[in-house]
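Student: A structural model of the following input is requested.
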Amino acid sequence: MKLGAFSISLSVKNLQVSKEFYEHLGFTVFGGSEEMNYLIMKNEDTLIGLFHQMFDKNILTFNPGWDQSAKTLDSYDDVRTIQSQLKNKGIQLAQEVNPGTSGPGSILFFDPDGNTILIDQHR
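Tutor: Take a look at the predicted model:
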């Protein structure tokens with residue numbers, strides 16, 4: 001199963017304070033904007049999303065079709081294929097994508113410890 005680019009999406013209390021903290025660790029803004037209440041920060045191949053008032057808990061995020069620099073991959077597993085594989089393995093999904101569609105879509109589920117996993121395809 002090819003899940004694509006990985007990042008952790010953090011729910012932050014103060015976007016500016018979190019931005020400055022991660023800049024001290026060598027991260028730079030890669031995407032998003034403060035006006036949109038989120039920033040994607042990058043340090044080499046490590047991605048951290050900082051999200052203010054968008055969700056309650058931190059999320060493990062995978063982006064099929066993208067590499068760690070958000071560049072399009074030639075070969076990847078579509079989110080609908082991943083959804084089918086997960087369901088065949090008995091993993092219960094909290095949010096599904098319509099299997100009859102194509103293009104962008106996302107699925108949401110939880111690991112055994114309740115950690116949220118989002119597979120979010122943008123293309």
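Student: C-alpha only now, for contacts and for neighbours.
Tutor: OK.
Student: in the sheet, who's paired with the residue nearest the centre of the chain?
Tutor: For the chain, the residue whose C-alpha lies nearest the mean C-alpha position (Cα atoms, centre = their mean) is T61; its distance is 2.7 Å. As for beta bridges, T61 partners with S7, L118 under DSSP bridges.
Student: Which residue, neighbours along the chain excluded, lies closest to E96?
Tutor: Computed as Cα to Cα, 6 or more residues apart in numbering, the closest residue to E96 that is not its neighbour in sequence is I107, at 4.8 Å.
Student: helix, strand or coil for I82?
Tutor: helix (DSSP: H, G, I helix; E, B strand; the rest coil).
Student: ok, it - how many residues close by?
Tutor: Look at I82: counted by other Cα atoms under 10 Å, it has 17 neighbours.
Student: picking up where we left off before, run a quick check on the residue nearest to the centre of the chain versus I117, I expect a contact.
Tutor: Yes. Under the criterion of Cα atoms under 8 Å, T61 is in contact with I117, at a separation of 6.0 Å.
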